[in-house]
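Colleague: generate a structure from the sequence data that follows.
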Amino acid sequence: MNNRRISISLTNIILLVTLPLLLILLWQLRSLIVVLMISIVLAATLAPLVNTAQKAGLPRLLAVLMVYAGLIATLTGFGLIIGPTVVQQIQSLIGRFPGYLEALRSLLSGLILRFGMSETGAPDIINQLLDVQGLISWAIRSSQQLVVRSYSVTRGIIGSVFSALLALLLSAYMLSASKQLLADIINLFPHPLNQQLAKQIEPVAKRMGGYIQGRILVSGILGVLISVSLRFLGLSELALGLGVIAGFTNLIPFFGPILGAIPALIVATSQGGLTFVWVLLLFTVVQNLETYVLDPLLVGNSVKVPPLYQLLAVLGGAQVLGIIGALIIPPWVAGMGVLLENLYIKPKLLAEGHHDLD
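Modeller: A predicted model of the protein is given here:
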């Protein structure tokens, strides 16, 4: 009995000593951990393409090289074709932004006067509702916080480029040597947990990859739709840039569509109230199209993550890792949901006598 007490006491002491050291080590390696998380998400996203190429008769390594070469060529092609125009339009948008806010101020002033406010009281109300300098300061401050959190993980611009290249290389290695790599990791766990985890690799990868694939596809569709629609609505000078902004921000669930709509709505005020109404209607239709058609069809059926969990994942990821966190944490939540469902919830329900789990 005394020996057992001493053993437990020593174990507790060892845990108390090693746990803080382990946490400090993980904190020092947080940049590498984030890169690994991005690599795993990227590998899970590209795995279906690699598997398809391998089934066509290509060796695994050659299939990985072809998929990555195709990905790089596609991104480079899009960058060369639309990149200069997008950059020029976004720079123009930034330069004209204060003027667009002033146009919005005038529009709101006219609306308030229509509702019977006096001309002397309207400016005060407008100043309270729309403080141009305050809005610009808030937008810059909020954007800087998100970017700084991302940069603090990757250690600046050079670190971000290096981390992106490292994530690309690691994901390629994971795909080319995935079976042996996963087998080595799983063998670290005791029996029978190792066998249970081995069965979860494929569904976890499908859930994580399916999330990113769905979001990219939905964002691409909406970006093209918004660009074309804004051109017809009279914003052709900035339509492509605004569509790219809306498509990129749409990668972030919940808040992304709202963030993407704000620049287009502000620009629309310079064209008059009717254009503003049409652009607002456009984004309302697009939002409903995404929520009730595209997301359930392309994302929801394959991911099966409750909206509340997605929202918490986005908020938590953005709070800790900035923009990077808002993008990569939700697929990890989707993957962890598979483990929770298959290793805990389903066995628990079976033990309680619930046999109809589907």
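Colleague: could you point out the longest helix in the protein?
Modeller: Determined from DSSP state H, the single longest helix within the chain is helix 60-114.
Colleague: so for that helix, mean pLDDT?
Modeller: Helix 60-114 comes out with an average pLDDT of 83.
Colleague: stretch 194-208 now?
Modeller: 84.
Colleague: what's the answer for stretch 214-223, then?
Modeller: Confidence for stretch 214-223, expressed as mean pLDDT, is 90.
Colleague: and the longest helix of the chain, what does it pack onto?
Modeller: Under the contact criterion of 3 or more Cβ pairs under 8 Å, 6 or more residues apart in numbering; DSSP states H and E, helix 60-114 touches helix 30-55, helix 121-129, helix 132-154, helix 156-176, helix 239-249, helix 255-269, helix 273-289. Every C-beta, even on glycine, is put in place using the N, C-alpha and C of the backbone.
Colleague: run through this protein and note the low-pLDDT ranges.
Modeller: Filtered on pLDDT under 70, the chain yields the residue ranges 1-11, 107-160, 300-304, 354-358.
Colleague: what angle sits between the longest helix of the chain and helix 255-269?
Modeller: Interaxial angle of helix 60-114 relative to helix 255-269 (axes from the mean of the first three to the mean of the last three Cα atoms, to 10 degrees): 50 degrees.
Colleague: how far off centre is helix 60-114?
Modeller: Relative to its parent chain, helix 60-114 has a centroid offset of 17 Å by Cα atoms, centre = their mean, to the nearest Å.
Colleague: same check, this time on stretch 338-355
Modeller: Worked out by Cα atoms, centre = their mean, stretch 338-355 lies 30 Å from the chain centre.
Colleague: quick one: residues in contact with that stretch.
Modeller: 196, 199-200, 203-204, 207, 357 (Cβ atoms under 8 Å, 6 or more residues apart in numbering).
Colleague: mind redoing it with 6 Å?
Modeller: With Cβ atoms under 6 Å, 6 or more residues apart in numbering as the test, stretch 338-355 has contacts from 200, 203-204, 207, 357.
Colleague: among those, which pair sits farthest apart?
Modeller: Pairwise distances across the contacts of stretch 338-355 (Cβ to Cβ) peak at 18.0 Å, for the pair Val204 and Leu357.
Colleague: who has more neighbours, these two?
Modeller: A side-by-side neighbour count of Val204 and Leu357, using other Cβ atoms under 10 Å, places Val204 first with 20 against 9.
Colleague: which secondary structure element contains the more buried one?
Modeller: helix 193-232 (DSSP states H and E).
Colleague: next, the angle from that helix to helix 60-114.
Modeller: Using the same axes, to 10 degrees: helix 193-232 against helix 60-114 is 50 degrees.
Colleague: so what secondary structure elements neighbour helix 193-232?
Modeller: helix 30-55, helix 178-186, helix 239-249, helix 301-303, helix 323-340 (3 or more Cβ pairs under 6 Å, 6 or more residues apart in numbering; DSSP states H and E).
Colleague: and the angle for the first one with helix 193-232?
Modeller: Interaxial angle, helix 30-55 versus helix 193-232 (the same axes, to 10 degrees): 90 degrees.
Colleague: what sits against the closest residue to Gly220 other than its chain neighbours?
Modeller: Nearest residue to Gly220, sequence neighbours excluded (Cβ to Cβ, 6 or more residues apart in numbering): Gly247, at 6.3 Å. The contact partners of Gly247, by Cβ under 6 Å, 6+ apart, come to 219, 222-223.
Colleague: go with 8 Å
Modeller: Applying Cβ under 8 Å, 6+ apart, the residues contacting Gly247 are 219-220, 222-224, 226, 260.
Colleague: could the residues you listed be laid out in TSV, adding distance to Met336 and neighbour count?
Modeller: What follows is these, written out as TSV (distance: Cβ to Cβ, whole Å; neighbours: other Cβ atoms under 10 Å):
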residue	distance to Met336	neighbour count
Ser219	23	22
Gly220	27	13
Leu222	27	23
Gly223	29	21
Val224	32	14
Ile226	33	26
Gly260	28	27
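Colleague: and which of those is nearest to Ala44?
Modeller: Closest approach between the contacts of Gly247 and Ala44, by Cβ to Cβ: Ser219, at 17.8 Å.
Colleague: surely that closest one and Leu251 touch.
Modeller: Yes - applying Cβ atoms under 8 Å, one finds Ser219 in contact with Leu251, separated by 5.1 Å.
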